[in-house]
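**Q** Pasting a predicted model and its sequence here:
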2 protein chains.
Amino acid sequence: MPDTVTLLIEPLPADDYDTPVDGTFREVDASAPALRVGELSTQRGDGIFETIGVVDGHAQEARPHLERLRNSARICELPEPNLRQWEAAIARAVDGIPSTGEFALKLVLSRGVEHGPAPTAWLHVAPAADFTRVRERGVRVATLDRGYARGTAERAPWLLLGAKTLSYAVNMAALREAKRRGADDAVFVTSDGYVMEGPTSSVILRHGDTWSTPAPSGAILHGTTQLSLFEHLASTGRSTEYRDIPVADLERADAAWLVSSVRLAVSITELDGRGMPSDPAETRALNEYLLSPRD
Amino acid sequence: MPDTVTLLIEPLPADDYDTPVDGTFREVDASAPALRVGELSTQRGDGIFETIGVVDGHAQEARPHLERLRNSARICELPEPNLRQWEAAIARAVDGIPSTGEFALKLVLSRGVEHGPAPTAWLHVAPAADFTRVRERGVRVATLDRGYARGTAERAPWLLLGAKTLSYAVNMAALREAKRRGADDAVFVTSDGYVMEGPTSSVILRHGDTWSTPAPSGAILHGTTQLSLFEHLASTGRSTEYRDIPVADLERADAAWLVSSVRLAVSITELDGRGMPSDPAETRALNEYLLSPRD
């Protein structure tokens, strides 16, 4: 059995409830060319994506990811995805990979070929990197100014904050800058000093018994993993809140994590070169939950 | 003779002065797949580009465009392009199209396939849209907040301001927002009210006999067309300056233009719904220069 599957998808309209979806995607070889140079995804980073964790044959929280894809499509004025079609494509891809182990499944919806008639879409699932060690040992984090003041997203929706677009060059540059500073990952902060998110993760922190994460304004991508964790924490009687978090609050946290769909929860062990307290037992418990078939 | 040419290029190191370049690019059919889904250009908008105007068989200012590509590569920590190789590819592409008319030639340098060994590069030349009418009639412009205060680029180089990256989703969203406002194009302004640039153009303006354009800080892409025009204006005895331009100065200009490599110079006839004076004779003179083989 191969350990990767790539499907090219012909997107159906969101309100198509009848067309048999099986004929709308076809498997291709990921090592062979599949996209034209006129693709707006490649020319303009003009498209949206989601990355879903697959654990032991189960795509985690596929529906929340698809709902977020739909929200990104609205912000970017792309045709809304047909969730029935995407669910079927995810199921087909997951059927094609081994039923044990961790995988990363990526969905992409591009505006299509320039001047072309329709969007382009594809899905690719491949084995996840081995995050066992980083889940145990945590990451050193550098805070980096995202350049925007708090409230910018509401004032300027054309900045597409809150959409998960393919225009991720800045996110990748932030990771390089973090490494240059001797860190492993970054946390973006507003120009006026509030915690936002990591380039590919959400930030959660704990003070005493209270868990918090930055208030989901238009400036922050609402993390599916963060949402799932907060629901889990609340269901086990913990106190959770969304609020504006000044950087000083992160510095003074009793523990803090970056959470994302495939790497899951990793402790922030160092913030801008200063050690942070961590909570290995709690981290293990978070990841135990995140690795369970939770939806 | 076909009117488009697409070349896939195997990038040579910048300091390779010996390898025969002809074997390093090959023509492909633009309507056939040429790129893999693992391409970081398409997954992350992680790459850089240039668009060069080709007029009657002459690629305008190819060298300044290649120098800017090199500068973008430095900012993005991509391998520096081999200019000898790119010049040869441009020459080959221009040889393959008709020797009259206007064309747009696009160069792309991508970080390559994820976990892959090398960057990916290609070139595509195709007939330009017919801009005759817009050069005569001008464009209505909406100013849009870019979300960054003046000075942000210097403070936060990881935002990649000043690099021409493939992460252009915001630029495309700004054009849609401008159209929603009844305009044809946009001008980005800083959050503290200074003129920056258009999503795909530079801004120049004239007060009396003095021509000005926003000071090329790290926040603005230094426009090759603007540079060429300012050299031309200076050589004909006009006064040109780079300075910080508050939006009010643009509103009070005696005339203002958006300039870019393929559309060339177009008058701003309306700014946020208010009429702007324009100077049709000057616009014609600017475009006459820009259409001449100027390097």
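**A** Right, received. Where do you want to start?
**Q** Just give the nearest non-adjacent residue to the closest residue to chain B within chain A, would you?
**A** Nearest residue of chain A to chain B (CB to the nearest CB) works out as residue A:45 at 2.5 Å. (C-beta placed from N, C-alpha, C; glycine too.) Residue nearest to residue A:45 in three dimensions, not counting chain neighbours: residue B:45, with 2.5 Å by CB to CB, 6 or more residues apart in numbering or on different chains.
**Q** correct me, but that neighbour touches residue A:167?
**A** Yes. Contact criterion CB atoms under 8 Å: residue B:45 and residue A:167 qualify, at 4.2 Å.
**Q** Strands along the stretch 151-295 of chain A, start to end?
**A** Counting by DSSP state E, counting those that start in this stretch, the stretch 151-295 of chain A has strands at residues A:185-189, A:202-207, A:210-214, A:239-243, A:255-260, A:264-271, A:274-275.
**Q** List the buried residues for the fourth one?
**A** Neighbour counts using 16 or more other CB atoms under 10 Å in any protein chain shown place residue A:240 of strand A:239-243 among the buried residues.
**Q** What helices and strands are in contact with it?
**A** Where contact means 3 or more CB pairs under 8 Å, 6 or more residues apart in numbering or on different chains; DSSP states H and E, strand A:239-243 is packed against strand A:210-214, helix A:224-235.
**Q** Which of those has the highest mean neighbour count?
**A** Of these, the one with the most neighbours on average (mean count of other CB atoms under 10 Å in any protein chain shown) is strand A:210-214, at a mean of 22.
**Q** chain center to that one: distance?
**A** Distance of strand A:210-214 from the chain centroid (CA atoms, centre = their mean, to the nearest Å) equals 18 Å.
**Q** can you check stretch A:149-156 too?
**A** Centroid separation for stretch A:149-156 versus its chain: 21 Å, with CA atoms, centre = their mean.
**Q** measure it end to end?
**A** With CA to CA, to the nearest Å as the measure, the ends of stretch A:149-156 fall 11 Å from one another.
**Q** Would it count as contacting chain B?
**A** Yes. Under the criterion of CB under 8 Å from any CB of the partner chain, chain B is reached by stretch A:149-156 at A:149, A:152, A:155, A:156.
**Q** May I ask you to confirm that the third one is in contact with residue B:145?
**A** This means residue A:155. Yes. Counting by CB under 8 Å, residue B:145 is a contact partner of residue A:155 at 6.3 Å.
**Q** Neighbour count for these two, which is higher?
**A** residue B:145 (18 against 13; other CB atoms under 10 Å in any protein chain shown).
**Q** Show me which residues of the stretch 101-250 of chain A sit near chain B.
**A** Residues of the stretch 101-250 of chain A lying close to chain B by CB under 8 Å from any CB are A:106, A:108, A:110, A:122, A:124, A:144-149, A:152, A:155-160, A:163, A:165-174, A:176-177, A:191.
**Q** What residues does residue A:190 make contact with?
**A** Taking CB atoms under 8 Å, 6 or more residues apart in numbering or on different chains, we find residue A:190 in contact with A:145, A:146, A:148, A:149, A:150, A:152, A:196, A:219.
**Q** Quick check: the first one vs residue A:191, distance?
**A** Look at residue A:145 and residue A:191: by CB to CB, to the nearest Å, they are 6 Å apart.
**Q** Now the common contact residues for the two.
**A** Both residue A:145 and residue A:191 are in contact with residue B:152, where contact means CB under 8 Å, 6+ apart.
**Q** before we move on, back to that, which of the contacts of residue A:190 fall within helices?
**A** The helices, defined by DSSP state H, take in residue A:152 from those.
**Q** Most neighbours of all the contacts of residue A:190, which one?
**A** That'd be residue A:146 among those, by other CB under 10 Å, with 28 neighbours.
**Q** thought that residue was touching residue A:196?
**A** Yes. Between residue A:146 and residue A:196 a contact is recorded at 5.7 Å, counting by CB under 8 Å.
**Q** which residues are common contacts for those two?
**A** Residues touching both residue A:146 and residue A:196 (CB under 8 Å, 6+ apart): A:188, A:189, A:190.
**Q** Serialize these to TSV and add fields for pLDDT and distance to residue B:98.
**A** Output for the shared contacts of residue A:146 and residue A:196, formatted as TSV (pLDDT from 0 to 100; distance: CB to CB, whole Å):
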residue	pLDDT	distance to residue B:98
A:188	98	48
A:189	97	53
A:190	96	52
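**Q** From those, pick the one nearest residue B:9.
**A** residue A:188 (34.1 Å; CB to CB).
**Q** Serialize the contacts of residue A:190 to CSV and add fields for pLDDT.
**A** As requested, the contacts of residue A:190 are exported to CSV (pLDDT from 0 to 100):
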residue, pLDDT
A:145, 98
A:146, 97
A:148, 96
A:149, 95
A:150, 93
A:152, 95
A:196, 97
A:219, 82
